[in-house]
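**Student:** Sequence first, predicted coordinates after that:
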Amino acid sequence: MIIPPSSPHIAGPNNVQTIMLWVLLALSPGTMLGIYQFGWPALFLFLITLASAVFFEGICLKIAGKPVFPYCMDFSALLTGWLLAMTLPPWAPWWIGVLGSFCAIVIGKQIFGGIGQNLFNPAMLARTILLVSFPLEMTTWIAPRPFGTPQSVDAETGWNITLNGIPNLDGVSSASVLGHVRTELGMGVQLPDILATMYNPLASALGTVSGSLGETSALLFLLGGTFLIVKKIITWHIPVAMLGTVAVLASVFHFIDPLHYGGPLFHLLNGGLMLGAFFIATDPVTSPVSSLGKFIFGAGCGLLLFIIRNWGGYPEGMAFAVLLMNAATPLIDHYIKPRIYGYPDSAIRRFFQKMKRG
Amino acid sequence: MNSYPIRGGVHPDERKFTSEITIRRVPTPKRLYIPLKQHIGAPAKPSRVPGEIILKGALLARAQGSVSASIHSPCSGYVEDIIDWAAPHPSGLPTKTMVVVNDGKEIHEDASVPVNPLFLRPEVIAERVGQSGIVGLGGATFPSAVKLTLGQGRLTPILIINGCECEPYLTCDDRLMQERTLDVVDGIRILAQALNGSETIIAIEKNKPEAIQLMREATKKIGNIKVMPVPTRYPMGSEKQLIEHITGRQVPSGKLSADIGVMLHNIATAYAVNRAVREGKPLITRIITVAGEAVEQPGNYEVPIGMLISDLLDFCGLKEQPARLIMGGPMMGQAIPHANIPLTKGCNGILALSAAELSQRSEHPCIRCASCVDACPMGLSPLSMASLLKRDKLDEAVDIGLKDCILCGACSFSCPSGIPLVHYFNYGKGEIVSRAQQQRKDDEIKQLIQERQVRMVRLEQEREEAMAKRKAEIAARKAAQAQQEHSTKAEAA
């Protein structure tokens, strides 16, 4: 006998594929600007990372005996690869991209059981593995040299850079704002003096600074993220809580000690905060499900990011902050649940009742 | 008027294409298949035998037990048989059904009509509603008289009339309000009277401006009735959500709305109450929407209860073989396996949908996007409940609120992975019921065993006592005999 399908018989407009496509679309402007800034090597690395992410996804699905094509067409591996590429130094060698994709897809996602099962954000996990394993390659930044300008490299040179590394490293390397500030502060220079020589809020907002693809244009990622909120692909809770926490903390510390702590604008515009707040921390798989839970998660990310940036061992703490809060997500989901209709008590009280019952 | 926000909800495409089409009466077919259970509670008990001649409106089966509803004949003719026939349920499993043959003469049973129902005592109204076999016509099919009696037993200051009709496609309540406005309003007044004159609010979704306008005009001069337009959002027409929207209060989990002084009745129920109390006519027809791309003449039809869906679809015509037949709306309605199923009191729509209208998506893994959590009007976590049920952890699913799920389908509707969440919850709820039944059975068996043990011990004791008694008797008799013998010997000597 055929069992008739259960209600409801109609469905809303979204499916996993369209969600991923909207996110990719929202990421595009910032990405394109980044590639334009750093030229051919950035484009090659970007494409290699994406292609290898999809490749590893396909291999894993094949091994797991799952349908390869339909699952690859949900674009989740493409998005993971894309986000990873956004966090790599744009002139990094090809194997950084391939190894990163391997870490993200195989270790970060498929070992847990594939889409929806992973505990940690795959792209951030991969970036962290790369950062601690290859500190030199992962912290070699270059100054922007857009297509069409005299400093830009042609396709052939670009391909060689991606294939064999940067030939005359000292000639092109340039520290990122956060990295530079960290180094100089360590040498006892005061913040206003450091910033006076290299920091321009407008440049950081527009993205004409050195850094990874995702650390350049805060403004375009802010726009892309807002678009996702308007399209109801993500909710406002995580980005607002995260940016708000960083802004508040930065204001407080900047007010107390302006010689060592940057202001809110400095923190919001530099580094990967905008990309992280809208595109990485909001990864549904690794963030809480309830609105309040999301808010707490975002605030936690902001707090950890601020701590790592100011007192940690690295100039930028986006990946670490997100990974640590990923680990806290099951706990948050356990305690923070929406109140069920018709129950007077909060989730916490229900928890205690459950404990009492055993 | 104040209103309060409700949680969650979704905005399905309305597709109310039949809202402009006037209600048409469908001729009664040659045979009607009238199930004896068309309501929540015990099935009605047949009061006719096969072969008996009946009039239109005659009682066919009587309510039995505290929660039940009587069933009447929609035509004159005779009872052909009482058989097992496919029930209006996804399983299509058979249920006791009375087959009535229509003689086409439409001879009515005499009806006693009160002078003015608005002077009747509340108990009398409830009794008449009960005699007419009226159940909640919004789909819940809870016997209305039982509900009214429940409301009379306690203070029920607020009566809400549900004219939301938040399901896509369905327009039968909308048409009813537009075409039979005065009858509906009269039914509402009778219901209010049955609850000792409760303050009455008619809730209508804002996508029905004509109905709102007409109902407003018709109730303008009636002091305790107000029309309240409510936002168009699914599931606004769900009892708990509508009560919260209007009163700001939530029905406590496991309680009834009457417990917080609110009673909810559907527009179609109010109309049926008008017919029953004002004209003495039992519930033998209802208005349903027939829609879907496979239907040639979609619209609103007044159909006799017990008509086969296949007969109705013959009347409306089919353009193509429907990809799916649904009884009710597309959000909560049930897919039925074939059309040889009778229409019952609780059915408010028949949808013959084409493949293009359906969402036929394959199931993908959950990405924890929380769309379902945001959509759930009850504040549940559908993704967690479904994953627990998948692993057969029923108790844990109940702990996080499975029993509070109203099966509205907002979660499945919004799920981007196409996970049939409602399917899991239906299964879970069914499991709860069957486990409770099993538990009851086990308890009964246990009790029987215990009783038997006690009985056996008692019997054993009684036997021993009897034996002891008999021994004593025998001994006594022997002694007496011996004595007698002794004395006869002595006499002889």
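**Tutor:** On my side now, so go ahead. Numbering: from 1, shown residues only, chains lettered A, B, ... in the order given.

**Student:** Quick one: the helices in the stretch 1-150 of chain A, in order.
**Tutor:** Using DSSP state H, counting those that start in this stretch, the helices of the stretch 1-150 of chain A run over A:16-64, A:68-72, A:76-86, A:94-102, A:122-133, A:135-138.

**Student:** for chain B, that is, sorry about that
**Tutor:** B:122-131, B:144-153, B:172-179, B:181-194, B:209-219, B:239-247, B:267-273, B:279, B:309-316, B:371-375, B:382-390, B:394-399, B:410-414, B:421-492 (DSSP state H).

**Student:** possible to save those helices as CSV with mean neighbour count, distance to A:His267 and mean pLDDT?
**Tutor:** The C-beta positions use only the backbone N, C-alpha and C, and glycine is treated the same way. CSV is the format used below for those (neighbours: other CB atoms under 10 Å in any protein chain shown; distance: least, CB to CB, whole Å; pLDDT from 0 to 100):
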stretch, mean neighbour count, distance to A:His267, mean pLDDT
helix B:122-131, 19, 68, 92
helix B:144-153, 22, 61, 89
helix B:172-179, 24, 55, 96
helix B:181-194, 22, 61, 94
helix B:209-219, 18, 51, 96
helix B:239-247, 22, 42, 95
helix B:267-273, 29, 58, 96
helix B:279, 13, 76, 89
helix B:309-316, 18, 65, 96
helix B:371-375, 24, 30, 94
helix B:382-390, 22, 34, 94
helix B:394-399, 17, 42, 93
helix B:410-414, 29, 36, 95
helix B:421-492, 11, 41, 90
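
**Student:** re the thing from before, okay, the helices of the stretch 1-150 of chain A in a markdown table with mean neighbour count and distance to B:Val290 next?
**Tutor:** Output for these, formatted as a markdown table (neighbours: other CB atoms under 10 Å in any protein chain shown; distance: least, CB to CB, whole Å):
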| stretch | mean neighbour count | distance to B:Val290 |
| --- | --- | --- |
| helix A:16-64 | 21 | 33 |
| helix A:68-72 | 14 | 37 |
| helix A:76-86 | 27 | 42 |
| helix A:94-102 | 22 | 55 |
| helix A:122-133 | 23 | 50 |
| helix A:135-138 | 14 | 66 |
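
**Student:** And the ones you listed: which comes nearest B:Ile222?
**Tutor:** B:Ile222 sits nearest to helix A:16-64 of all the helices of the stretch 1-150 of chain A, at 49.7 Å, using CB to CB.

**Student:** coming back round to it: looking at the helices of the stretch 1-150 of chain A, which is nearest to chain B?
**Tutor:** Among the helices of the stretch 1-150 of chain A, helix A:16-64 comes nearest to chain B, with 5.0 Å by CB to the nearest CB.

**Student:** in chain A, what spans have low per-residue confidence?
**Tutor:** A:1-4, A:169-171, A:345-358 (pLDDT under 70).

**Student:** if we go to 80?
**Tutor:** Within chain A, the stretches with pLDDT under 80 are A:1-4, A:151, A:167-175, A:197-199, A:201-202, A:204-205, A:207, A:344-358.

**Student:** re earlier: could I get the helices of the stretch 1-150 of chain A in a markdown table, plus columns for distance to A:Asn326?
**Tutor:** Converted to a markdown table, these look like this (distance: least, CB to CB, whole Å):
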| stretch | distance to A:Asn326 |
| --- | --- |
| helix A:16-64 | 18 |
| helix A:68-72 | 22 |
| helix A:76-86 | 14 |
| helix A:94-102 | 18 |
| helix A:122-133 | 8 |
| helix A:135-138 | 20 |
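
**Student:** closest to A:Ile256 out of the ones you listed?
**Tutor:** helix A:122-133 (30.4 Å).

**Student:** mind saving the C-alpha coords of the closest one as PDB?
**Tutor:** Only the C-alpha atoms of helix A:122-133 are listed here, as PDB (Å, rounded to 0.1, in the frame of the first residue of the first chain):
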ATOM      1  CA  PRO A 122      35.100  24.000   8.900                       C
ATOM      2  CA  ALA A 123      36.600  27.100   7.300                       C
ATOM      3  CA  MET A 124      37.800  28.500  10.600                       C
ATOM      4  CA  LEU A 125      39.100  25.100  11.800                       C
ATOM      5  CA  ALA A 126      41.200  24.900   8.600                       C
ATOM      6  CA  ARG A 127      42.500  28.400   8.900                       C
ATOM      7  CA  THR A 128      43.500  27.700  12.500                       C
ATOM      8  CA  ILE A 129      45.300  24.500  11.500                       C
ATOM      9  CA  LEU A 130      47.100  26.300   8.700                       C
ATOM     10  CA  LEU A 131      48.000  29.300  11.000                       C
ATOM     11  CA  VAL A 132      49.700  27.200  13.700                       C
ATOM     12  CA  SER A 133      51.300  24.800  11.200                       C
END
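
**Student:** how about the helices of the stretch 1-150 of chain A, which one is nearest B:Tyr4?
**Tutor:** Across the helices of the stretch 1-150 of chain A, B:Tyr4 has its closest neighbour in helix A:16-64 (31.5 Å, CB to CB).

**Student:** B:Ser359 is in contact with A:Ala11, isn't it?
**Tutor:** Yes. Counting by CB atoms under 8 Å, A:Ala11 is a contact partner of B:Ser359 at 3.4 Å.

**Student:** Quick one: name the residues of the stretch 1-150 of chain B near chain A.
**Tutor:** B:Arg7, B:Val10, B:Pro12, B:Asp13, B:Pro90 (CB under 8 Å from any CB of the partner chain).

**Student:** hmm, which of those residues are the buried ones?
**Tutor:** B:Arg7, B:Val10, B:Pro12, B:Pro90 (16 or more other CB atoms under 10 Å in any protein chain shown).

**Student:** if I pick the residue lying closest to B:Phe425 once chain neighbours are set aside, what's in contact with it?
**Tutor:** Nearest residue to B:Phe425, sequence neighbours excluded (CB to CB, 6 or more residues apart in numbering or on different chains): B:Cys405, at 5.0 Å. Counting by CB atoms under 8 Å, 6 or more residues apart in numbering or on different chains, B:Cys405 touches B:Met378, B:Leu380, B:Pro382, B:Met385, B:Phe425, B:Lys429.

**Student:** try 7 Å this time
**Tutor:** B:Met378, B:Leu380, B:Phe425 (CB atoms under 7 Å, 6 or more residues apart in numbering or on different chains).

**Student:** thought the last one was touching B:Gly409?
**Tutor:** Spelled out, it's B:Phe425. No. Applying CB atoms under 7 Å, one finds B:Phe425 not in contact with B:Gly409, separated by 9.5 Å.

**Student:** Identify, from the buried ones among the residues of the stretch 1-150 of chain B next to chain A, the entry nearest to chain A.
**Tutor:** Closest to chain A, out of all of those and judged by CB to the nearest CB, is B:Pro90, at 4.6 Å.

**Student:** Phi, psi for that closest one please.
**Tutor:** phi -50, psi -30 (degrees, to the nearest 10).

**Student:** Tell me, how many residues neighbour the closest residue to B:Arg128 other than its chain neighbours?
**Tutor:** With CB to CB, 6+ apart as the criterion, B:Arg128 has its nearest non-adjacent residue at 5.1 Å, and that residue is B:Val277. For B:Val277, the tally of surrounding residues (other CB atoms under 10 Å in any protein chain shown) stands at 28.

**Student:** list the contacts for B:Val277?
**Tutor:** Listed by CB under 7 Å, 6+ apart, the contact set of B:Val277 reads B:Pro117, B:Ile125, B:Arg128, B:Val129, B:Ile190.

**Student:** Mind doing that once more with 8 Å?
**Tutor:** B:Pro114, B:Pro117, B:Leu120, B:Ile125, B:Arg128, B:Val129, B:Ser132, B:Gly187, B:Ile190.
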